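Student: Structure, please.
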Amino acid sequence: MRVALACDWFLPRQGGIELHLRDLALALRRRGVDARVVTTTRGPDVVDDIPVHRVRAPLAPGAGFAFTPGGIARLRDVIRAERFDVVHGHASVVSPVAYAGALAGAREGAASLITFHSMLHRSSFILGASEALFGWSRGRILLSAVSSVVAAQAARWIPGAGVCVLPNGIDVPWWRAAVRGASHEEILFVSAMRLSRKKRPARLVRAFASAVRFTAGTPAMRLVIAGDGPERDALRRLADSLDLGAMLELPGHLEREQLRSLYGRADAFVLPSERESFGIAALEARAAGLPVIAMLAGGARDFIDRGVDGLLVRDEPELARAISRLAIEAPFRAYLTAHNRAVPPDFDWPDVAALHLRYYGEAAALRDRVPRASQP
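Tutor: Numbering: from 1, shown residues only. Just a heads-up that it's a prediction; the model follows:
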């Protein structure tokens, strides 16, 4: 089976969707699938033994996506020439390659899918307009999303469409191998994110400061936020204004091995962003055995059962109370930790790859059911 993973962004550009595509391609290739990436991102033709078809196209300044008819035409030429059995488009907020790739695949007789990787609040009008133009729900392109939250958003904006869930995956055994550190007097909260306003790191710092004031320093607490981005200096200034001092650490970007080591020393993980379509960092921390605090509005609710795996909160005051609770209530924190260490989460890559293959079969069946005249 030849599968094209079509996306506007891929390595060497760094980000969640880029790493997901690499890991998905590797998981599919381990199952004997000839999975390849088709993208307009510039870079080498092979990444980690994954063949990459780099479509030469002008890219929008500052945004990095293809925006000219000629570039999209060259993408269609690649899809046509490679004769893929499946074309799987991976869409973020603005994703001409993902949409055009899926449409080109459908026109060439391939099983065709789109997976939405981002929250769709601001881009929902694009879905409505594209439905009017291309008729996703009436054609033979299978629609999916990385979480139930995003699937519900897509279904609201594409009338009559069914949207299945195709989640992200992680190497669960690798994260579960985190070596537990020695016991310590302080309670260590950790997070991992890009330090941008969208991820709400300032919300986490304010909530942590509120929890520190509430607990009056007993027990001692510390917060480590791994990651880098434009808000790093502002976070340091905010922490200083809140008298956090050395209680907040900003170590910058950490590789996966370094994150796993950090999780081995930590007591809980906190994800403060509401516009989190899945929450891969929270899932990795959950697999490493940490209780997770996350926002109810985000995709983490697909794998965090409140009071079992961690806590789900609605706003900043609830976030502060949840941090305080895990700091103060040692028996509750110990219960969550024991559960998460004993019970692995779902979404291990072999299972996620198998689910993708199942839906590739569904897309092929949809292609065969739809009359040719009504196909995109």
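Student: mind giving me the domain ranges of this structure?
Tutor: Following automatic domain parsing, the chain resolves into domains at 2-169+349-374, 172-342.
Student: Now render those as a markdown table, adding mean neighbour count and mean pLDDT.
Tutor: Quick note: C-beta positions are derived from backbone N, CA and C, even for glycine. What follows is the domains of the chain, written out as a markdown table (neighbours: other CB atoms under 10 Å; pLDDT from 0 to 100):
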| stretch | mean neighbour count | mean pLDDT |
| --- | --- | --- |
| domain 2-169+349-374 | 19 | 87 |
| domain 172-342 | 19 | 95 |
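Student: now stretch 141-157, how far from the chain's geometric center?
Tutor: Remark: stretch 141-157 is offset 14 Å from the chain centroid, using CA atoms, centre = their mean, to the nearest Å.
Student: ok, now stretch 283-301?
Tutor: With CA atoms, centre = their mean, you get 12 Å for stretch 283-301.
Student: what about that stretch, how long is it end to end?
Tutor: 10 Å (CA to CA, to the nearest Å).
Student: swap in stretch 212-224?
Tutor: Stretch 212-224: ends 14 Å apart by CA to CA.
Student: and what of stretch 221-239?
Tutor: 14 Å.
Student: Ok, stretch 227-237 next?
Tutor: Note: stretch 227-237 ends 17 Å apart using CA to CA.
Student: Check stretch 189-197 too.
Tutor: 20 Å.
Student: what's next to it, contact-wise?
Tutor: Here stretch 189-197 makes contact (CB atoms under 8 Å, 6 or more residues apart in numbering) with 199, 201, 204, 208, 221-232, 235, 250, 254, 259, 262-263, 266-273, 281, 284-285, 290, 323, 326-327.
Student: Recalculate using a threshold of 7 Å.
Tutor: 199, 201, 204, 208, 221, 223-232, 235, 259, 262-263, 266-271, 273, 281, 323 (CB atoms under 7 Å, 6 or more residues apart in numbering).
Student: now it: how far from the chain's centre is it?
Tutor: 14 Å.
Student: hang on, the earlier thing: among the contacts of stretch 189-197, which are located in strands?
Tutor: 221, 223-226, 268-271 (DSSP state E).
Student: Can you add distance to Asp45 and give these back as CSV?
Tutor: Listed next are the ones in strands among the contacts of stretch 189-197 as CSV, based on distance: CB to CB, whole Å:
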residue, distance to Asp45
Met221, 49
Leu223, 42
Val224, 38
Ile225, 36
Ala226, 32
Ala268, 43
Phe269, 37
Val270, 40
Leu271, 35
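Student: which one of the residues you listed is nearest Gly64?
Tutor: Nearest to Gly64 among the ones in strands among the contacts of stretch 189-197: Ala226, at 24.5 Å, using CB to CB.
Student: What ranges does the stretch 201-350 of the chain have for its helices?
Tutor: 201-215, 232-241, 256-265, 280-287, 316-328, 330-342, 349-369 (DSSP state H, counting those that start in this stretch).
Student: out of the ones you listed, which comes closest to Ser112?
Tutor: So among those, helix 349-369 is nearest, using CB to CB, at 6.0 Å.
Student: Check the offset of that closest one from the chain's centre.
Tutor: Mean-position distance between helix 349-369 and its chain equals 20 Å (CA atoms, centre = their mean).
Student: so what secondary structure elements neighbour the helix or strand Ala106 falls within?
Tutor: Assigned by DSSP states H and E, Ala106 belongs to helix 96-107. Counting contacts by 3 or more CB pairs under 7 Å, 6 or more residues apart in numbering; DSSP states H and E, helix 96-107 packs against strand 2-7, helix 69-82, strand 86-91, strand 111-116.
Student: Could you check the angle the last one makes with strand 86-91?
Tutor: Taking axes from the mean of the first three to the mean of the last three CA atoms, to 10 degrees, strand 111-116 and strand 86-91 form an angle of 20 degrees between their directions.
Student: when you give positions from now on, start the count at 768
Tutor: With 768 as the first residue, the last one maps to strand 878-883.
Student: Identify the residues contacting strand 878-883?
Tutor: Taking CB under 7 Å, 6+ apart as the rule, strand 878-883 contacts 852-858, 865-866, 869, 872-873, 907-913, 917, 921, 933, 1126-1127, 1130-1131, 1134.
Student: Stretch 1129-1137 now?
Tutor: Contacts for stretch 1129-1137 (CB under 7 Å, 6+ apart): 853, 878-880, 906-907, 909.
Student: switch the cut-off to 10 Å
Tutor: Stretch 1129-1137 is contacted by residues 768, 852-855, 869, 872-873, 876-881, 905-911, 931, 1126, 1142-1143 when judged by CB atoms under 10 Å, 6 or more residues apart in numbering.
Student: before we move on, what about stretch 998-1015?
Tutor: With CB under 10 Å, 6+ apart, stretch 998-1015 has contacts from 953, 956, 960-969, 971-973, 975-977, 979-980, 984, 987-992, 996, 1016-1017, 1019.
Student: need the contact list for the closest residue to Ala944 other than its chain neighbours.
Tutor: Excluding the flanking residues, the one nearest Ala944 by CB to CB, 6 or more residues apart in numbering is Arg1027, at 7.5 Å. By CB under 10 Å, 6+ apart, the contact set of Arg1027 is 941-946, 1021, 1051-1052, 1054-1055.
Student: The residues you listed: which two are farthest apart?
Tutor: When the contacts of Arg1027 are compared pair by pair using CB to CB, the maximum separation belongs to Arg943 and Leu1021, at 18.4 Å.
Student: and the helix or strand hosting Val916 with strand 878-883, angle?
Tutor: For Val916, the host element (DSSP H and E) is helix 915-924. When the same axes, to 10 degrees is applied, the directions of helix 915-924 and strand 878-883 differ by 110 degrees.
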